[in-house]
Each structure stands twice: as C-alpha cells, then as structure tokens.
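Trainee: Okay, sequence plus prediction incoming.
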Amino acid sequence: MKNPFARQINYSALDEAELVALAKTDRDAFGELYERYLDKMYSYVYYRTGNSHDAEDLTAKVFLRAFARIGKYVDRGLPFQAWLYRIAHNLVANWYRDQSRRKIIALEDYLGQDLLSDAPDARAERRDEHDELLRAVRRLPAERQQLLILKVVEGLPNREIGIIMGRSEGAIKSLYHRTLLALRAELSAEQANTNVKRTSG
C-alpha cells in the first residue's frame with residue numbers, strides 16, 4: 001500500500017540546484033536531470049563523433065559517470081550543465097585517443113535544415129555553400145570545432161564555454177574571434193579555388 005502521507009515531489013518544477021541536491025540521494029531527481037539534459041549531451045557528442053551509434057554509447061556513459069559522481073559534485077562556479085559538458089568532453093577526448101580517428105564533426109544535419117525549401121536553383125546554390133562551410137570547419141583544429149559546436153549549435157554563453165574548455169571567458173571571446181577569422185579565410189580560399197576551377201574548366 002502506498003503511503004498517503006508521503007510527500008509528492010514535482011521534479012519538473014524544481015530548478016537545477018534543487019534537483020542536483022535531491023539527486024544525490026533520490027534517483028527520480030537524477031532522472032529529471034537526465035530528461036532535461038539528454039538531448040543537449042547527445043547533440044554535443046554527436047557533433048563531435050560524427051555518428052549516432054558512438055554518440056548514443058558515449059551519451060549513456062556521460063550520465064552513468066554523472067550518476068556515479070553526483071554525490072561529490074559541488075557547484076563552485078561550475079554549473080551542473082557545464083559539469084556534464086566537461087564529462088562529455090573528456091569522454092569524447094578519450095574516445096578519439098582509443099579510436100585513433102581524425103576529428104570531424106557531423107554538422108550536416110544541423111546545417112542542412114535550410115536546404116529544404118525554395119526553388120531548385122536556390123537549393124543547389126545553398127547546398128554548395130553548405131558543403132564549402134563544412135569543408136572549412138573540418139580543416140579547423142579540434143578545439144576550434146568544439147568551440148563552434150558549443151557556441152553556434154548549442155548556443156552556450158562564453159562563460160559556460162570557458163568553464164567547459166578550461167579557459168577564461170576573455171580567452172573564449174578571443175578564440176571565437178580568431179576562429180571566425182580563420183573560418184572566413186578558409187571560406188575565401190575555398191571560394192577562390194572554386195572560381196579558378198570554373199574559369200579553367
């Protein structure tokens with residue numbers, strides 16, 4: 001028989017700090033944290049690994065590790081979400097070392113959303129621009145790819161990105177600016193290369 005005097009908790013109404021405090025002793029509270037952050041963690045891991053199978057495995061490991069360590073988690077300027085991203089980052093870094101794979105990101109699905117409408121000519125032109133952008137992003141160092149994912153895809157603020165990447169907010173702003181300049185240079189080189197091929201062909 002269920003205890004009629006037991007306190008019913010509406011986990012979805014709790015803020016992150018309250019949930020984290022409860023999750024240290026309450027599996028249902030951790031389940032709510034899992035529901036809140038599953039899509040974000042999967043998305044981050046997917047864009048870093050480039051395939052859904054590995055992303056699913058690594059995302060599961062993120063939450064298993066978080067569950068095992070939540071009792072030791074203390075918010076000392078590191079919000080829970082940033083703590084999860086740091087766990088995810090470390091697992092992805094280990095995965096790359098174990099797999100000895102080239103670091104690429106699968107931005108096709110994210111960037112491909114714009115390609116579904118308009119006339120065929122406009123779609124073809126946007127597809128070419130999309131492909132150029134992906135090639136340019138993949139030529140960037142892994143750290144800059146990670147920054148673009150966290151900033152553009154995940155929409156995180158510089159402060160939180162800094163916590164995840166182990167850098168100051170100012171360093172993230174500077175790195176983001178340099179990354180955009182490098183990306184612009186890559187795109188210009190790609191465009192020049194395309195123009196040369198068109199005129200010589």
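Mentor: Noted; the coordinates are in hand.
Trainee: In terms of residue numbering, what are the domains of the protein?
Mentor: Taking automatic domain parsing as the reference, the chain has its domains at 15-99, 109-195.
Trainee: Turn these into JSON lines, including distance to residue 9, mean neighbour count and mean pLDDT.
Mentor: Where you see a C-beta, it was placed from the backbone N, CA and C, and this is true even at glycine. As requested, the domains of the chain are exported to JSON lines (distance: least, CB to CB, whole Å; neighbours: other CB atoms under 10 Å; pLDDT from 0 to 100):
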{"stretch": "domain 15-99", "distance to residue 9": "7", "mean neighbour count": "16", "mean pLDDT": "91"}
{"stretch": "domain 109-195", "distance to residue 9": "27", "mean neighbour count": "15", "mean pLDDT": "78"}
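Trainee: can you point me to the longest helix in this structure?
Mentor: If you go by DSSP state H, the chain has its longest helix at helix 169-200.
Trainee: what's the spacing between it and its chain's center?
Mentor: In terms of CA atoms, centre = their mean, to the nearest Å, the centre of helix 169-200 is set 21 Å apart from its chain centre.
Trainee: now for that helix, which elements pack on it?
Mentor: With contacts taken as 3 or more CB pairs under 8 Å, 6 or more residues apart in numbering; DSSP states H and E, helix 169-200 sits against helix 120-138, helix 142-148, helix 158-165.
Trainee: among those, which is nearest residue 97?
Mentor: Closest approach to residue 97 among the helices and strands packed on helix 169-200 (CB to CB): helix 142-148, 11.8 Å.
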